[in-house]
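Asker: Below are the sequence and a predicted model; questions follow.
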Amino acid sequence: MKKEHIITVYSENHIGLLTRITIVFTRRKVNIESLTVSESAIQGVFKFTIVVKSTKEQVVKIVRQIEKQIDVLKAFYHTNEEMIYQEIALYKVPTEAVYEDDTIEKVVRNSGARILEITRDYIVIEKTGHKEETQALFEELNKFKVMQFIRSGRVAITRDPIERLSEFLKERDALLESMD
Amino acid sequence: MTKRKVSGSQAVILSLLEEGVDTIFGYPGGAIMPIYDALYDYDRNVKHILTRHEQGAVHAAEGYARITGKAGVCFATSGPGATNLITGIADAMIDSTPLVCITGQVASPLLGTDAFQESDVLGISMPITKWSFQVTSPEEIPGAIAQAFYVAQSGRPGPVLLDITKDAQFGELEFEYKKCRKIRSYVPEPQIDPFKIKEAAEIIDAAKKPLLLFGQGVLIARAEEELKAFVEKTGIPAAWTLLGLSALPTDHPLNVGMLGMHGNYGPNLLTNEADVIIGVGMRFDDRVTGKVSAYAPNAKIIHLEVDPAEINKIKVADVPVLGNAKKTLKMLTDNVEPNRHDEWVNRFRECYQIEDEKIIKKDLFPEKPGLTMGEVIRVAGDKTNHEAILVTDVGQHQMIASRYFKFRHPRSNVTSGGLGTMGFGLPASIGAQLGAPGRTVVAVIGDGGFQMTLQELGTIAQNKLPVKIIVLNNNFLGMVRQWQQLFFEKRYSFTELQNPDFITIGKGFGIDGHKVEAREDLEKSIQQMIDHNGPYLLEVVIEKEDNVFPMVPTGASVSEVMLEP
Ligand SMILES: Cc1ncc(C[n+]2csc(CCOP(=O)(O)OP(=O)(O)O)c2C)c(N)n1
């Protein structure tokens, strides 16, 4: 059964690695729903958070193929339930709409969104949450014609109490040591 | 080692010498000229083989790598030179062949500008390289080359590409070479889990009908002796994949033959009767398994493998045993009880009898007038005392040669398995001969595939390589024609060839040859070829519409292996 999975990849920061990772997906015709890349808590180690809809069997194979890339340190996969995750969305609405009606103000308050900037012409609203939540806010705001909308890729952390990456790096260092 | 100031291109050559490279296959051009210029001063230290096409260079490097176990090295210029390597790199990737390919690239300020002969070779080759890197400054050269050799040759080997811009070749650096021994993000060989060995050993001891399948992993790990010790202790029959060929001598009593689409009857049919399957250094390729859902349904699967991504990729392993096969086989042998499976092994012999009656006799000792591929291979094998290196191209002749040549020594077979690259054979034989100068190399090639890379006869002649080339001429793209006959109602759509006079072509390149058209002429002509001092081209005109059997049709189960159409 196809299901949303979050694949987390830790890697060295080398040019071209993003292509090598996406090739693993495109070759199997698996669509990437969202992708976020940034430096992890460990300096020099980069973290990719990739969301895909696929079967567990397929996800396991994909993760193994990603790990096989020379510059990849480690890849994990999780279901949504196993992780805490957020996306961020920005909405631009016309300022007039707020003058004419107090709905927008209420919607913003009730949804835990916040206003980032107000100009004569537009207001920029920010909301973090799951896709369903940012989407619901979009539907509400769009009654007043959203001028621009953007949603980020997902960021996610595990519910695990231990930081698996640092454990992993410790083990890896020991292994490399033993190779001498 | 003391540092010294050298140019980037000198650093390339010095680094290759540090890695013990003795042979480079290549083809020059604008963007790699500084490296060729540096090479000019080192012709006493390293041999450069100028092929007639970059595809020839990369296949030759593959042939060299497969015979020596060391990375094959090739050079090509940017743009078309680099793209001409692509087929060979893809071939090396799927067949786990270590290569270090060095391509020249336009100067770094021109990158991304569609400069003359600029192509994004890194981007093009990413899906088919184990690792790749673009060098844009001279200081990066020694480190990149050290890592290239380490990655290409360790763990599951594969091709690596280094793209070096022209300004990096011209620039200067303080040269110092350190071999690469580890990379934080890369574990070439997984650690062996002793519990898995125990678990596997218990299953093997309890097995009634175990079957071992060995692949190229055994040759890569140089685990031939360990394999032999394991089967001899356990009495387990062993069958080979196309690339596992020669890892166990053909006449070993427990060697029960070839697996797969045109493999032997027994190993295919009895796979589905086996209660335990031990796959060693093989990857359950679809040419081996046939229809996967109907493959070995009754068997527990034990999979000895170095690459974790192969575990459960096609066939779920009940016991995965990760690690270097030389070590895991040894540990497994120490943990199993001595055993025999005479009755079970006899079943393979019975199957062989059936196959012999229906197919093998007719292939090897035909009574009909037309020459068969099988008899040519039989004679060539016998006349070389089964000690030669066999290099094959792709098609019917490849299957026949693999089935019938017979081997006494490991690392004696070079073929394109995973990619099935026509045109591979002739250039690969160049590399095989250079990798094993003392051995006889016999290249068996179809008339179709020969015409894909026959310009490499020039390379063979120029370098006086004594390769013995047998072209099996059926005037057809034989393997495709066979499929057309069996599955497309004999609609021979564009498979018939009008061939040139191959012997005249050979002579034009300065290579002696002879054309065999009659059975009486076969033995002495093959003897003459072997006795000939230098390269030789033997064309054998064979029956036009012969087929290769047994056959597991695509989509069928291995147990549905056909002995006749
Ligand atoms: C580069 C390439 N193109 C096409 C094919 C498909 N193909 C596989 S076997 C074959 C026929 C080979 O004919 P020939 O070289 O005459 O050998 P034969 O089968 O007759 O022994 C073809 C066209 C291939 N394997 N490789």
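Answerer: That came in fine, so what should we check first?

Asker: Confirm that residue B:452 sits in a helix.
Answerer: Yes. Per DSSP: H, G, I helix; E, B strand; the rest coil, residue B:452 lies within a helix segment.

Asker: wouldn't it be in contact with residue B:422 here?
Answerer: Yes. Contact criterion Cβ atoms under 8 Å: residue B:452 and residue B:422 qualify, at 5.3 Å. C-beta: built from backbone N, CA, C; applies to glycine.

Asker: Give me the longest strand you can find in chain A.
Answerer: If you go by DSSP state E, chain A has its longest strand at strand A:83-94.

Asker: Can you mark which positions in that one are buried?
Answerer: Judged by neighbour count using 16 or more other Cβ atoms under 10 Å in any protein chain shown, the buried positions of strand A:83-94 are A:83, A:85, A:87, A:89, A:90, A:91, A:92, A:93, A:94.

Asker: Check stretch B:224-231 too.
Answerer: B:224, B:226, B:227, B:228, B:229, B:230, B:231.

Asker: The longest strand of chain A - contacts with which helices or strands?
Answerer: Packing contacts for strand A:83-94, counted by 3 or more Cβ pairs under 8 Å, 6 or more residues apart in numbering or on different chains; DSSP states H and E, involve strand A:122-129, helix A:131-142, strand A:148-151, strand A:155-158.

Asker: Compare the ones you listed and report which one is nearest to residue B:281.
Answerer: Between residue B:281 and the helices and strands packed on strand A:83-94, the tightest spacing by Cβ to Cβ is seen for strand A:155-158, at 35.5 Å.

Asker: Okay, buried residues for the closest one please.
Answerer: Per 16+ other Cβ under 10 Å, strand A:155-158 contains these buried residues: A:155, A:156, A:158.

Asker: ok, back up a step: of the buried residues of stretch B:224-231, which belong to helices?
Answerer: B:224, B:226, B:227, B:228, B:229, B:230, B:231 (DSSP state H).

Asker: now, which of the buried residues of strand A:83-94 sits nearest the ligand?
Answerer: residue A:83 (45.6 Å; Cβ to the nearest ligand atom).

Asker: Give me the phi and psi angles of residue B:476.
Answerer: phi -140, psi 160 (degrees, to the nearest 10).

Asker: Can you tell me how far it is from residue A:84?
Answerer: Per Cβ to Cβ, to the nearest Å, residue B:476 is found 64 Å from residue A:84.

Asker: could I get the helices and strands packed on strand A:83-94 as TSV with mean pLDDT and distance to the ligand?
Answerer: Putting these into TSV (pLDDT from 0 to 100; distance: least, Cβ to the nearest ligand atom, whole Å) gives the following:
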stretch	mean pLDDT	distance to the ligand
strand A:122-129	96	53
helix A:131-142	95	46
strand A:148-151	97	46
strand A:155-158	92	45
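
Asker: Can you say which of these is packed in most?
Answerer: strand A:122-129 (a mean of 18; mean count of other Cβ atoms under 10 Å in any protein chain shown).

Asker: quick one: it to chain centroid distance?
Answerer: 18 Å (Cα atoms, centre = their mean, to the nearest Å).

Asker: same for it, what does it pack against?
Answerer: Using 3+ Cβ pairs under 8 Å, 6+ apart, strand A:122-129 sits against strand A:83-94, strand A:114-118, helix A:131-142.

Asker: residues touching the residue in the stretch 451-565 of chain B that the ligand sits nearest to, list them.
Answerer: Ranked by Cβ to the nearest ligand atom, the top residue of the stretch 451-565 of chain B for proximity to the ligand is residue B:478, at 2.3 Å. Applying Cβ atoms under 8 Å, 6 or more residues apart in numbering or on different chains, we find residue B:478 in contact with B:395, B:396, B:397, B:446, B:448, B:546.

Asker: What are the contacting residues of stretch B:36-56?
Answerer: Contact with stretch B:36-56 is made by B:7, B:9-10, B:12-13, B:16-17, B:21-28, B:57, B:60, B:74-76, B:81-82, B:84-85, B:87-88, B:423, B:426-427, B:430, B:434, B:453, B:455-456, B:458-459, B:462-463, as judged by Cβ under 8 Å, 6+ apart.

Asker: Show me which of those residues are buried.
Answerer: By 16+ other Cβ under 10 Å, those give B:7, B:9-10, B:12-13, B:16, B:21, B:23-28, B:57, B:60, B:74-76, B:81-82, B:84-85, B:87-88, B:423, B:426-427, B:430, B:434, B:453, B:455-456, B:458-459, B:463 as buried.

Asker: Okay, and which of these map to strands?
Answerer: Per DSSP E, these map to strands at B:7, B:23, B:24, B:25, B:26, B:27, B:74, B:75, B:76.
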